[in-house]
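A.B. asks: Here is my input, please return the structure:
(chains A and B)
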There are 2 protein chains.
Amino acid sequence: MSTTHENRPINGVDTATLYATIDAVRDQPELARFRFRTVHDWVAGTHSEGRFPGFYGAGQEHTHVHPTVVRADHPAVLVGNDNGPTPAELLLNALGACLTAGIGNIAAARGIELHDVRCRVEGDIDLQGLLGIDDTVRNGFESIRVVFCVDGDAEAERLASLVEQSVGRSAVFDVLTHGTPVAVEVEVDAR
Amino acid sequence: MSTTHENRPINGVDTATLYATIDAVRDQPELARFRFRTVHDWVAGTHSEGRFPGFYGAGQEHTHVHPTVVRADHPAVLVGNDNGPTPAELLLNALGACLTAGIGNIAAARGIELHDVRCRVEGDIDLQGLLGIDDTVRNGFESIRVVFCVDGDAEAERLASLVEQSVGRSAVFDVLTHGTPVAVEVEVDAR
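C.D. replies: You can find the predicted model right below:
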């Protein structure tokens, strides 16, 4: 596995700036403290809209250049109106996006030009859990599988190792496989 | 906590069909086997597009009525081009969407009319982990917080219990707090 550091832009990654950023964080670890946020508005039934108001990181607040709205809903077969993907699919989407982003960066760092990267993610779930039919069945996915197709200018082993390294440094993969404490609070406006 | 089953449509939820669906699954547990899927195309750098090709469930394949594309990217401060939310934010988005959907269904089942439901989700992460600076720091979120504001026709305790029940039956909350096995495979097209 090559550890060469490429400094020319490759795969759309400004590798020189990437290394400078990592060095800056190494010198000032407080720059690494990030807080990401989303906000959600219920529309009706199981339909909601999620937005991305910005985040804190590298010592300051940031907003996104492009506003994004992600509609979520349950499908008709689960008595929703299918106004958007299910939350379960949105979870798989976060995983695929995270692993794909990592591959772009890691390939650039290793000087490997990518031609095409695709992946599919699938997760198996038994809804007897969340429907309250069988308490021995968990609410969430039993298992998730990711299959990557990577086409790039390197031998097969080096291309496969891009995926391996991306998995090893993925925020979403870590949370999905190891779990994270989640605190839920409620402010009610009762009538 | 009321266990009354309301059969009139409320909050945009067809509760009669919801109960009929749960009864059908109780009679034929194989209907509860679902497989959700996403597909991802790398664009450049950390930018990718996620799509939702459909899912298997209740004994057959389904496609979504509305095609959805979710663009993901890293922000400029992390050497991306900010073409969309970060994968970390997409993970929080899945959680907010799941808990909000549950509240819509559960309130309808309990005959509670909702006027407004909003939530914000935030997650703290130290990027020294995924940047490879400090191997004692995890890659993923250290902690996630969700704050719900619920406005509906019921006393405060009953409104708060909607959130509690939604957490107790959420697929995404379960995966994020307990983890799920994730298998990653690679098919390479080497040059």
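A.B. asks: where's the spatially most central residue of chain A relative to B:Asp135, distance?
C.D. replies: Centroid-nearest residue in chain A: A:Ala94, 3.1 Å away (criterion: CA atoms, centre = their mean). Separation of A:Ala94 from B:Asp135 (CB to CB, to the nearest Å): 24 Å. All C-beta atoms are positioned from the backbone trio N, CA, C, and that covers glycine.
A.B. asks: what do you get for A:Gln165?
C.D. replies: On the measure of CB to CB, A:Gln165 and B:Asp135 end up 14 Å apart.
A.B. asks: neighbour count winner among the two?
C.D. replies: Counted by other CB atoms under 10 Å in any protein chain shown, A:Gln165 and B:Asp135 do not tie: A:Gln165 has more neighbours, with 19 against 8.
A.B. asks: Mind pulling up the pLDDT for that one?
C.D. replies: pLDDT, A:Gln165: 98.
A.B. asks: so which strand or helix has it?
C.D. replies: Secondary structure assigned from DSSP states H and E places A:Gln165 in helix A:156-168.
A.B. asks: Give me the contact list for that helix.
C.D. replies: Residues from elsewhere that reach helix A:156-168, judged by CB atoms under 8 Å, 6 or more residues apart in numbering or on different chains: A:1-2, A:99-103, A:106-107, A:110, A:112, A:148, A:150-152, A:173, B:139, B:184, B:186, B:188-190.
A.B. asks: residues of that helix that come out buried?
C.D. replies: A:158-163, A:165-167 (16 or more other CB atoms under 10 Å in any protein chain shown).
A.B. asks: do the same with stretch A:125-133
C.D. replies: A:125-131, A:133.
A.B. asks: what separates that stretch from the chain centre, distance-wise?
C.D. replies: Relative to its chain's centre, stretch A:125-133 lies at 25 Å (CA atoms, centre = their mean, to the nearest Å).
A.B. asks: Now do it: everything it contacts.
C.D. replies: Against stretch A:125-133 from outside (CB under 8 Å, 6+ apart): A:78, A:88, A:134-135, A:137-142, B:22, B:25-26, B:29, B:32-36, B:57, B:169-171, B:174.
A.B. asks: For A:Val186, name its beta-bridge partners.
C.D. replies: Taking DSSP bridges as the rule, A:Val186 bridges to B:Phe148.
A.B. asks: so it touches B:Val146, yeah?
C.D. replies: No. Taking CB atoms under 8 Å as the contact criterion, A:Val186 and B:Val146 are not neighbours in contact, 9.2 Å apart.
A.B. asks: between those two, who's got more neighbours?
C.D. replies: Neighbours were counted for A:Val186 and for B:Val146 using other CB under 10 Å; B:Val146 has more, 24 against 18.
A.B. asks: B:Ile103 is in contact with the more buried one, correct?
C.D. replies: No. B:Val146 lies out of contact with B:Ile103 (CB under 8 Å); the separation is 11.4 Å.
A.B. asks: Assign a three-state SS to A:Arg37, would you?
C.D. replies: Under DSSP: H, G, I helix; E, B strand; the rest coil, the three-state class of A:Arg37 is strand.
A.B. asks: Nearest spatial neighbour of it, chain-adjacent residues omitted?
C.D. replies: Sequence neighbours aside, B:Glu122 is the residue nearest to A:Arg37 in space, at 4.5 Å (criterion: CB to CB, 6 or more residues apart in numbering or on different chains).
A.B. asks: could you say which helix or strand contains A:Val188?
C.D. replies: Here A:Val188 is assigned to strand A:182-190, by DSSP H and E.
A.B. asks: can you tell me how far A:His74 sits from chain B?
C.D. replies: 6 Å (CB to the nearest CB, to the nearest Å).
A.B. asks: quick one: contacts for that residue?
C.D. replies: A:45-46, A:80-82, A:86, B:101.
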